[in-house]
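Enquirer: quick one: sequence and predicted model below, then my questions.
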Amino acid sequence: MDWFIGDFNHPAYFTIYADKEVEAGVEGPALAGLLNLPPGSRVLDLPCGWGRLHPHLRELGHEVFGGDLSPLNLKRHQLEHPAPLVRMDFRALPFRSASADGVFCAFTSWGYFASDEENLLQLLEFARVLRSGGVLLLDLAGRESLRAALSDVEGYWLDFPKEGYQERATWDRAKRRIRTERRCQGQRFRHDIWIPSDAEVREYLAGAGFRSIAAFGGLDGRPWEPQAERWIYRAIKP
Ligand SMILES: C[S@@+](CC[C@H](N)C(=O)[O-])C[C@H]1O[C@@H](n2cnc3c(N)ncnc32)[C@H](O)[C@@H]1O
């Protein structure tokens with residue numbers, strides 16, 4: 001079974017990522033601002049997760065539709081932030097072509113698939129559902145910053161007692177993926193994410209038909225730089 005089907009669809013996921021609920025107060029307004037669409041725009045929050053960024057898109061006056069693979073995340077979203085939601089897979093979006101003004105893809109939600117073709121397909125699907133002139137915001141972890149962060153701890157189990165889990169990350173240099181194993185509530189999880197270079201992100205965005213690709217190196221919209229913790233791309237469907 002693909003790792004991303006089970007790993008996000010477990011109550012322990014909410015424990016491990018509890019901090020992200022707090023961070024949403026800063027990330028949400030900033031990322032929604034970088035999407036930079038006028039009020040009333042139709043925005044697809046893909047994947048929406050448990051909806052932690054949803055209120056910030058709504059605050060800007062957007063019409064927001066959420067989609068995610070995890071029923072557990074969608075259930076929490078509906079309870080905490082009622083909205084039009086759909087269970088979906090990135091590889092076949094259940095939206096009409098050219099129906100959206102924006103696709104909002106936050107928190108390193110690209111690169112989950114094992115094959116290059118499927119990772120490209122996700123971007124092709126984002127392009128398909130956007131109208132001409134529509135905007136994709138793709139918020140990724142910066143590859144160089146991750147490499148630096150892992151350099152001393154790679155392969156070691158780290159304990160997060162307050163949060164209630166242990167974690168071990170391994171950088172697969174050949175495949176350029178990060179494998180993150182976690183132990184929480186008696187369960188084991190393993191994320192396995194392709195962390196592309198800047199050139200690869202741009203190549204794949206262009207390959208999916210996006211143009212006018214701008215990149216930021218932080219939530220405040222500062223210019224992109226290799227060492228930035230976040231690489232945030234804003235790309236236009238021509
Ligand atoms: C890191 S979370 C980000 C969620 C949200 N964007 C946020 O910032 O909180 C990744 C999300 O992607 C969803 N996901 C994983 N694989 C998916 C797939 N193949 N199709 C659709 N959603 C998927 C997971 O269920 C999870 O909610």
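Expert: Structure received. These figures come from a predicted structure and were not determined experimentally. Residues are numbered from 1 along each chain as shown.
Enquirer: phi first, then psi, for the closest residue to the ligand within the chain.
Expert: The chain approaches the ligand most closely through G49 (2.9 Å), counting by C-beta to the nearest ligand atom. Heads up, the C-betas are built off the backbone N, CA and C, glycines and all. Backbone geometry at G49, expressed as degrees, to the nearest 10, gives phi 60, psi -140.
Enquirer: pLDDT wise, what is it at?
Expert: Per-residue pLDDT puts G49 at 98.
Enquirer: near the ligand, which residues of this structure?
Expert: Contact residues, the chain versus the ligand (C-beta under 6 Å from any ligand atom): 4, 8, 20, 47, 49, 52-53, 68-70, 73, 88-90, 106-107, 109, 112.
Enquirer: from those, which land in helices?
Expert: 4, 20, 73 (DSSP state H).
Enquirer: most neighbours among those, please name it.
Expert: Most neighbours among those, by other C-beta atoms under 10 Å: N73, with 23 neighbours.
Enquirer: so what's that residue up against?
Expert: N73 sits next to 8-9, 13, 47-50 when contact means C-beta atoms under 8 Å, 6 or more residues apart in numbering.
Enquirer: narrow the residues you listed to those that are buried.
Expert: In these, burial by neighbour count holds for 8, 13, 47-50, counting by 16 or more other C-beta atoms under 10 Å.
Enquirer: return the closest of those with respect to N119.
Expert: P47 (14.3 Å; C-beta to C-beta).
Enquirer: from what I can see that closest one touches T108, true?
Expert: No: P47 lies out of contact with T108 (C-beta atoms under 8 Å); the separation is 10.8 Å.
Enquirer: thinking again about what came up before, please verify my assumption that the residue of the chain closest to the ligand contacts F107.
Expert: Yes: at 7.4 Å, G49 counts as touching F107 under the criterion of C-beta under 8 Å.
Enquirer: buried stuff in the helix or strand where E167 lies?
Expert: For E167, the element it lies in under DSSP states H and E is strand 165-172. Applying a neighbour-count criterion of 16+ other C-beta under 10 Å, one finds 165, 167-171 buried in strand 165-172.
Enquirer: stretch 105-120 now?
Expert: Going by 16+ other C-beta under 10 Å, stretch 105-120 has these buried residues: 105-113, 119-120.
Enquirer: tell me how this protein divides into domains.
Expert: 3-143+197-236, 146-189 (automatic domain parsing).
Enquirer: pick the most buried one from those.
Expert: Burial of the domains of the chain is given as mean neighbour count (mean count of other C-beta atoms under 10 Å); domain 3-143+197-236 ranks first at a mean of 18.
Enquirer: ends of stretch 39-49, how far apart?
Expert: Stretch 39-49 has an end-to-end distance of 23 Å (C-alpha to C-alpha, to the nearest Å).
Enquirer: need the contact list for the residue of the chain closest to the ligand.
Expert: With C-beta under 8 Å, 6+ apart, G49 has these contacts: 8, 68, 70, 73, 77, 107.
Enquirer: out of these, which is nearest to L124?
Expert: Lowest distance from L124 to the contacts of G49 (C-beta to C-beta) belongs to D68, with 19.1 Å.
Enquirer: tell me the contacts of the spatially closest residue to the closest one that is not a sequence neighbour?
Expert: Using C-beta to C-beta, 6 or more residues apart in numbering and skipping the chain neighbours, the partner closest in space to D68 is P47 (4.3 Å). If you count contacts by C-beta under 8 Å, 6+ apart, P47 has them with 67-69, 73, 90, 105, 109.
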